[in-house]
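>>> okay, sequence plus prediction incoming.
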Amino acid sequence: MEILGISLALLTLFVGFGLLIGILFGFFGMGGSFLVTPALLVMGYPSRVAVGSGLAFVFGTSVIATLKHRDLGQVDYKLGVLMIAGTTAGIEVGKEIVLHLEELGLAGSIISVTYVFLLGGIGVFVTYEALKGGDGAGVDHDAADADLDDADIPDLAKKIQSYRVPPMMSLRGGISVSLWMILGVAFATGLLSGFLGVGGGFIRMPALFYLIGVPVPIAVGTDLFEIVFSGGIGSFLYAMDGGVDLSIVLPLLAGSALGARVGSAATSIVDEDEIKVYFGLMLLGGSIAVAVREVGNVYGIPIFDTVSLVLILGSALMVSGAVVYSSVTALREEPTSAASPTED
């Protein structure tokens with residue numbers, strides 16, 4: 001039986017994968033969308049289709065998440081527009097690089113190797129921060145409009161803010177940053193977006209905090225606002241070249257629509273620090289999965305493709321399950337806390 005031109009089994013797989021990613025997206029403000037492209041590559045889709053369909057999925061999912069953060073006042077529209085300008089140029093450059101590498105027959109391998117080092121590096125950093133109990137860049141969902149105290153601003157961001165290269169831009173959170181630094185961060189993340197087929201949130205959100213010094217809640221909301229446009233522009237550019245497969249995108253979006261609601265609801269009852277280590281491990285899982293796939297391709301071991309896909313899905317399932325489990329645990333503890341006597 002086929003629906004949308006794909007088998008029922010594949011349709012179920014895409015919907016389930018979209019559900020897991022939606023939970024991650026709603027909970028972290030940045031999701032497992034960066035896992036979609038390598039998963040499609042592992043399944044044998046052409047690089048152009050994998051990247052373009054990944055961007056189209058990012059666009060659809062980010063629209064819902066951005067509306068939620070807008071209602072919470074966590075979007076800096078001035079910063080968002082500047083990020084869009086820089087990201088648009090970066091995406092176009094990234095797309096041209098992919099198309100050129102595809103003509104040379106190198107796109108799949110180079111994109112995969114980039115994923116290995118990028119996800120692996122970030123995964124190690126996030127896991128290390130979680131295990132040592134540092135503040136990291138966890139999102140405080142109740143502090144949308146809070147200014148950062150000087151002690152809360154990362155040292156690197158303080159250094160960057162000290163370079164007063166005009167024109168200077170005043171941003172929410174009581175900070176002032178050079179326009180050129182904002183555009184530089186936007187271009188770099190846009191380049192990754194167009195090259196890897198990701199929204200860039202798992203890179204851009206930390207960059208807004210660690211490099212520019214934007215308060216984390218505003219960084220998350222503004223990042224999602226920007227992803228709407230970068231994902232939309234990127235998917236449009238790839239669609240013009242036949243790189244968007246709706247039989248992939250629609251089932252993923254159907255699953256993520258529900259998952260995003262579950263993840264968003266979890267943010268109000270779960271302490272993100274509890275599962276930060278799982279998020280880091282998920283990134284490491286994605287990195288290892290792509291590495292396994294490349295080793296299989298080099299040495300002609302087809303079973304490694306299956307192992308790689310299991311690792312990718314397993315990583316998303318592990319973290320999504322941790323979110324749901326923590327939510328259920330927190331809900332069970334609430335009645336107990338409410339029943340405990342308190343003294344004035």
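Thanks, I have the structure now.

>>> what sits closest to Lys158 if chain neighbours are left out?
Gly213 (7.0 Å; CB to CB, 6 or more residues apart in numbering). Placement of C-beta: from N, CA and C, glycine included.

>>> got the CA positions of the helix or strand where Ile248 lies in CSV?
When elements are assigned from DSSP states H and E, Ile248 belongs to helix 246-266. The C-alpha coordinates for helix 246-266 follow below in CSV (Å, rounded to 0.1, in the frame of the first residue of the first chain):
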residue,chain,number,x,y,z
LEU,A,246,6.7,16.6,-0.4
SER,A,247,6.3,12.8,0.2
ILE,A,248,9.0,13.3,2.8
VAL,A,249,8.2,16.7,4.1
LEU,A,250,4.4,16.3,4.7
PRO,A,251,4.6,13.1,6.9
LEU,A,252,7.5,14.7,8.9
LEU,A,253,5.4,17.8,9.5
ALA,A,254,2.3,15.8,10.5
GLY,A,255,4.3,14.1,13.2
SER,A,256,6.1,17.2,14.4
ALA,A,257,2.9,19.2,14.7
LEU,A,258,1.9,17.0,17.6
GLY,A,259,5.4,16.6,19.0
ALA,A,260,6.0,20.4,19.1
ARG,A,261,2.9,20.7,21.3
VAL,A,262,4.1,18.0,23.7
GLY,A,263,7.6,19.6,23.9
SER,A,264,6.3,23.1,24.4
ALA,A,265,4.0,22.0,27.2
ALA,A,266,7.0,20.2,28.9
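
>>> quick check: Tyr210 touching Ala157?
Yes: taking CB atoms under 8 Å as the definition, Tyr210 is a contact partner of Ala157 at 6.1 Å.

>>> more neighbours: those two, which one.
Comparing Tyr210 with Ala157 by other CB atoms under 10 Å, the one with more neighbours is Ala157, at 22 against 18.

>>> and that one, what does it touch?
Shown in contact with Ala157 (CB atoms under 8 Å, 6 or more residues apart in numbering): 209-213.

>>> ChimeraX command for the buried members of those?
Remark: buried members of these, expressed as a ChimeraX selection using 16 or more other CB atoms under 10 Å:
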select :209,210,211,212,213
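
>>> as TSV, the contacts of Ala157 with pLDDT, secondary structure and distance to Ile175 would be great.
Output for the contacts of Ala157, formatted as TSV (pLDDT from 0 to 100; DSSP: H, G, I helix; E, B strand; the rest coil; distance: CB to CB, whole Å):
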residue	pLDDT	secondary structure	distance to Ile175
Phe209	78	helix	11
Tyr210	76	helix	13
Leu211	79	helix	12
Ile212	84	helix	8
Gly213	82	coil	5
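
>>> thanks a lot, catch you later.
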